[in-house]
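Q: after the sequence you'll find the predicted model.
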Amino acid sequence: MNKNYILPGFVVLASFGLITFTTVLLPNFIFRPTASEFAVEYTPKEARGRKIYVREGCVYCHSQFSRPQDRDFGPLPQAGDYVYETPNVLGTIRTGPDLTNEGQKHPDQWHISHLKNPRTLTPGSIMPPFGYLKDDEMNELVAYIQTLGKKRMVKYHRIYQPDELRKVLDKRKVNVDGSAAANAGRGIYQQNCATCHGTNGLGNGPNAIAIAKKPANFSRPFYKDYDDVTWFWRVSEGVPGTRMPQWGKLLTEEQRWYLVAFLKTLPRETEVYPKGYESIDPEKWVEVNKTSAAELNSVKPAEIIKTDGPAPGAGGGH
Amino acid sequence: MILSDKENSASKNFIITAVIWLVVGMSLGLTGAIEFVAPDLSSNIPQLTFSRIRPAHINAVAFGWLSMANIGIVLYIIPTLTRCKLYSEKFANFICYVWNFAIFAGVLCLLNGYSEGREYAEFPVPIDIIVVVGLISLSYNVYLTVLNRKVKKLYVSLWYMLGAFFWMPIVYFIGNRTFVRLDGLNDGIVNWFYGHNILGMWFTTLGVGIAYYMIPKLSGRPLWSHSLSMLGFWTIAFFYAPTGTHHILQSPVPEWLKALAVVFSVALVIPVITVLTNFFMTMKGNWWQVANNLPLRFVLTGALFYFVTCIQGPFQATRSVNWYIHFTQWVPGHAHVALLGTFSFFDWGAIYYIFPRVTGKQIYSVALARAHYWFTFIGFLIFFAAFTIAGLVQSAGWHLGIPVGQWVVELVPYWIYRALGGAMMWFGNILLLFNIIQTVRGVKPLDEPTVEPAMVPPGLARV
């Protein structure tokens, strides 16, 4: 071999070797994230579902990493969350929605129907129908989809607040501790929220009967932990997996702060169980509905089992 | 005789089968594009479902068409540049059969759901083994040919080709090492090292090498600067390898890896500028030739698209542009302008020039070849514009806070145009296949040899 080529040849080998070492081997030595609390160790059924996800090529339209600029996608995944994800299904294109936090947003039956015929549930969707999957495979796939981000969503259900919302607090003009704001909020509440949460905030609005995941009962002492920003964030972002809408898209920032002011006035020393509404069989809801919606919304204070403090919804500050 | 020992027979076989794979791959791609407009077209047939067609399409065009066409062209160029026969023609023919079998089996596997699930590395393990062994055998064949050469100095094309045949087996092996199980993100890092380097270390190096041969040859003008071309080669060798992480730039992989990917991606401007300066300076004062030299027109169109893809690339890799562009249809548009717009155009030009020389027969019809050019060129412009605009519209919708699932409805027009452009290109390549078949069959050419002198074998041109 001509000696002129030995040095260049060596340089090519060395530089390519060095770069390959840096980008392929080195990350695997020094970047070894340990499993975080959100990493999902799949059960055999879910693992089989994940294999079906890979086999059917879901990754070619659905990504599995949400980014800071993706609004309403829930908490961001961290490196430790991906430890059990082999082969990786991070994805590079988002023809369909990102699935990082998809788990528990919809019931199993919704997923099965959606996989069989996507356009019945999401009109305009271009997802191909996967009706050819056997029933077992379908259940396994749905079991896998339901694990996606499930732990993350449970953990952050109450405490997660994007940093952006901290800025919202700075420019807030509404005094949420004042009675004027609470009174303004009461009107907004009655117009928008009472159909599900009930006029008194006990989660017993007329729609509550038909909803599988019951609306929140604001008399629960649990809500004492909510600070202003958490209330504001929850109202703005809705609750994934339930019928609670993202009010941030429907109400102005000011209106949402009024709503927060009103919600803060609701008493929550002792949890109040509105009588009767849980016992109505949703199956018979259609028949019940024939009577009158007003009747169903008439859980009067007299029927409430136990209540301490002022009457719910009294408002007017502390 | 199954394993022919005839000179250039391996090159011929590779080119013919590559064109068949091109039509197969484009048919798969077109089916996928139509399914974006009519999603119920698959009607619950698993093999027709988009998510299975897409990997089959990518692998058929990347490994079936582009790799095989590149290999076929290289197997002609290397003996020509070294002025000696290919080390083993029989062996190369054997690899052609094996490679075809591997792609055929691989595409069938993917359509039937036997996929490894990593992008660009979907082929199951047995197919991977065949491909790696095939690549190593080809490298062996090519390197021994170059060692036996009669010309002392290595032309720049040979550098590129030798580089590609050295890197590709390694890169492919790393990308498909399923026996080493890596955790999620590490798996992603290695996956995208492979996914991007198969472009940089295989398609780009072979494609640019072919263009470096074709442009001076077809235009009859010497290369503008040999030292500049060498600078391009060494910089691409140095800068390409760590760029893969820009595909997962906002995922939680280590920051230093992302920084490395961004810096090196931007640095890729250097080889691109050197290569294009060289191409265009070689053509300076000779642009009139594109009017009556079809293979040259193909190659130079490819060079223009190379400019587009390589200016897009470094910008896309920066964090601020990636922030907006990533996950949208812009990215597949970019991938197509590289593989289809650039390297396929290089290969088409090279095939029209080389195929008469390896078969000794004049190309059947110049008119069909010209129709092929215009159908693919105009089809590709429509197709690329649809992809790119769709990407921008898509991202705009997301950043307005409109959910992905709702905004999808707004993209229907672009998908219609994309399928339209795709159908035009598909038709153009049916013409190519027909032209190649007629040429191989030895049907009497429709044109005088003087109409397109480049598409006529040297012996016939003087008649």
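A: Right, received. Where do you want to start? Numbering: from 1, shown residues only, chains lettered A, B, ... in the order given.
Q: excluding residues flanking it in the chain, which one is nearest residue A:216?
A: Sequence neighbours aside, residue A:203 is the residue nearest to residue A:216 in space, at 5.7 Å (criterion: Cβ to Cβ, 6 or more residues apart in numbering or on different chains). Backbone N, C-alpha and C define where each C-beta goes, glycine included.
Q: correct me if wrong: the one you found contacts residue A:214.
A: Yes: A contact is recorded between residue A:203 and residue A:214 when judged using Cβ atoms under 8 Å, the distance being 5.8 Å.
Q: neighbour count for the two, which is higher?
A: When neighbours are counted by other Cβ atoms under 10 Å in any protein chain shown, residue A:203 comes out ahead of the other of residue A:203 and residue A:214, with 22 against 15.
Q: what about that one, distance to residue A:196?
A: The spacing between residue A:203 and residue A:196, counted by Cβ to Cβ, to the nearest Å, is 8 Å.
Q: list residues touching both of those two?
A: With Cβ atoms under 8 Å, 6 or more residues apart in numbering or on different chains applied, the overlap between the contact sets of residue A:203 and residue A:196 consists of residue A:215.
Q: for the record, mean pLDDT for the longest helix seen in chain B?
A: When every helix of chain B is counted residue by residue (DSSP state H), the longest turns out to be helix B:366-399. Over the span of helix B:366-399, the pLDDT mean works out to 95.
Q: can you tell if it touches chain A?
A: Yes: in terms of Cβ under 8 Å from any Cβ of the partner chain, part of helix B:366-399 sits within range of chain A, namely B:398, B:399.
Q: from the contact counts, what lies against the helix or strand that comes right after that helix?
A: Along the chain past helix B:366-399, the next helix or strand (assigned with DSSP states H and E) turns out to be helix B:404-407. Using 3 or more Cβ pairs under 8 Å, 6 or more residues apart in numbering or on different chains; DSSP states H and E, the elements in contact with helix B:404-407 are helix B:366-399.
Q: ok and the residue in the stretch 151-300 of chain A nearest chain B?
A: In the stretch 151-300 of chain A, no residue comes nearer to chain B than residue A:249, which is 7.2 Å away by Cβ to the nearest Cβ.
Q: related to what we said a few turns ago, the residue nearest to residue A:216 - that's part of a helix, no?
A: No: when the secondary structure is assigned by DSSP: H, G, I helix; E, B strand; the rest coil, residue A:203 falls in coil instead of a helix.
Q: residues in contact with it?
A: A:196, A:197, A:214, A:215, A:216, A:217, A:218, A:274.
Q: that one and residue A:230, how far apart?
A: Computed with Cβ to Cβ, the distance linking residue A:203 and residue A:230 is 18 Å.
Q: before we move on, what about residue B:52?
A: Summarising the geometry, the distance separating residue B:52 from residue A:230, computed by Cβ to Cβ, is 45 Å.
Q: how many neighbours does the closest residue to residue B:20 other than its chain neighbours have?
A: Among residues not flanking residue B:20 along the chain, residue B:433 sits closest, at 6.8 Å (Cβ to Cβ, 6+ apart). Under the neighbour criterion other Cβ under 10 Å, residue B:433 is assigned a count of 16.
Q: isn't residue B:433 right up against residue B:19?
A: Yes: in terms of Cβ under 8 Å, residue B:433 counts as a neighbour of residue B:19; the distance is 5.3 Å.
Q: so which bits of the stretch 151-300 of chain A are right by chain B?
A: Of all the residues in the stretch 151-300 of chain A, those lying near chain B are residue A:249, going by Cβ under 8 Å from any Cβ.
Q: the helices in the stretch 151-300 of chain A, which residues?
A: Taking DSSP state H, counting those that start in this stretch as the criterion, the stretch 151-300 of chain A contains helices spanning A:163-170, A:179-192, A:194-197, A:228-237, A:253-265, A:285-291, A:293-296.
Q: in TSV: the ones you listed, plus mean pLDDT and mean neighbour count.
A: Conversion of the helices of the stretch 151-300 of chain A to TSV gives the following (pLDDT from 0 to 100; neighbours: other Cβ atoms under 10 Å in any protein chain shown):
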stretch	mean pLDDT	mean neighbour count
helix A:163-170	71	11
helix A:179-192	90	18
helix A:194-197	88	20
helix A:228-237	84	20
helix A:253-265	91	23
helix A:285-291	48	11
helix A:293-296	50	12
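Q: kind regards, and thank you for your time.
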